[in-house]
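Visitor: build me a model:
(one chain, ligands or ions: 1)
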Amino acid sequence: MSAVPSPRPVTAPEFRAAKARGAKLAVVTAYDYTSARLCDEAGVDCILVGDSVGMVVQGHPTSLPVTLDEMIYHTRCVMRGARRALVVADLPFMTYQVSPRQAVRNAGRLMKEAGAHAVKLEGGVRARDAIRACVDAGIPVMGHVGLTPQSVHQMGGFKVQRDTEQLLADALAVEVAGAFSVVVEGVPADLGAKVTGAVGIPTVGIGAGAGCDGQVLVFHDMMGLYPDFKPKFAKRYADLGAAIKAATEQYCREVREGAFPAAEHTFR
Ligand code: KIV
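Guide: Numbering: from 1, shown residues only. Model (predicted):
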């Protein structure tokens, strides 16, 4: 939102208002206290407790197995580390699709039991009733259109989405339903820019080009911690995976050679 982040907590209305000021929004995922604290101190505007936890933390091939109780647990951990960032928690697969009542009940659990500031759910036109019901209950909602990972089997894989009409209809439906922002995932850059120009709420892109109002990256992709899949759009800002491996190899060597613990690590 600005070069020097203010220490004041970011609210959903402020996040939304950033678009009118032309301020770009920096969003990152986190699933635990330590990474949330580091990202918060680094000045991100929003931490997304994504259901990508199913892949990068739990080791599943998709986010589908993630449960609401697991999301509550991870969101609680993140809330303890976040001071300034807006914390948005994902509603996992099949916790909001059944009915708007189900959506409100489960979004309410993320807010009440975990302390989330807002929730995110996937889908455009087909999710509008769920979004509206949550918003009417006082729960800020971030939408998610384009490549929606919870529909991976329906889409036939994690594929770039190119249907302009559908994407525009979905993003507008999310806005009209009352969401304060919308993630746009896995679309060509010109389409990302088109959607951004068509809606009044901020678009947060992931693999949607530079024309979005903000960007989101998965923490493990950004830090080089997830070797199973390297998406084209995920810039690696650090290679912590290699650093962790090298440090652990050194630890193993030193334990085996008797070099650790040394005198300074020993009580007398
Ligand atoms: O679950 C997640 O991390 C997400 C982001 C990829 C937007 O939904």
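Visitor: count of neighbours near Arg8?
Guide: When counting by other CB atoms under 10 Å, one arrives at 9 neighbours for Arg8. C-beta here means a position set from N, CA and C on the backbone, and glycine is covered the same way.
Visitor: list phi and psi for the closest residue to Ala198 other than its chain neighbours.
Guide: Setting aside the residues directly before and after it, Ala198 is nearest to Leu168 in space (CB to CB, 6 or more residues apart in numbering), at 5.6 Å. Per-residue torsions, Leu168: phi -60, psi -40 (degrees, to the nearest 10).
Visitor: report the contact partners of Leu168.
Guide: Applying CB atoms under 8 Å, 6 or more residues apart in numbering, we find Leu168 in contact with Lys194, Val195, Ala198.
Visitor: of the residues you listed, list those near the ligand.
Guide: Residues of the contacts of Leu168 in contact with the ligand (CB under 6 Å from any ligand atom): none.
Visitor: can you select the buried ones from those residues in ChimeraX?
Guide: Provided next is the ChimeraX selection string for whichever of those are buried by 16 or more other CB atoms under 10 Å:
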select :194,195
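Visitor: closest one to the ligand out of the contacts of Leu168, please.
Guide: For the contacts of Leu168, the closest approach to the ligand (CB to the nearest ligand atom) belongs to Val195, at 14.9 Å.
Visitor: and that closest one, what does it touch?
Guide: Val195 sits next to Val145, Leu167, Leu168, Ala171, Val184, Val187, Thr203, Ala208 when contact means CB under 8 Å, 6+ apart.
Visitor: those strands in the stretch 51-200 of the chain, which residues are they?
Guide: Using DSSP state E, counting those that start in this stretch, the strands of the stretch 51-200 of the chain run over residues 86-90, 118-120, 141-146, 181-185.
Visitor: now the longest one: how far from the chain's centre is it?
Guide: In this case it means strand 141-146. 11 Å (CA atoms, centre = their mean, to the nearest Å).
Visitor: now that strand against strand 86-90, angle please.
Guide: 60 degrees (axes from the mean of the first three to the mean of the last three CA atoms, to 10 degrees).
Visitor: just want the angle from strand 141-146 to strand 181-185.
Guide: Orientation check (the same axes, to 10 degrees): strand 141-146 against strand 181-185 gives 20 degrees.
Visitor: which parts of the stretch 151-268 of the chain sit against the ligand?
Guide: Selection of the stretch 151-268 of the chain residues close to the ligand by CB under 6 Å from any ligand atom yields Val183, Glu185, Ile206, Val216, Val218.
Visitor: returning to that earlier point: any idea how far the residue nearest to Ala198 lies from the ligand?
Guide: Leu168 sits 19 Å away from the ligand when distances are taken as CB to the nearest ligand atom, to the nearest Å.
Visitor: below-threshold pLDDT in the chain: ranges please.
Guide: The chain contains residues with pLDDT under 70 at 1-6.
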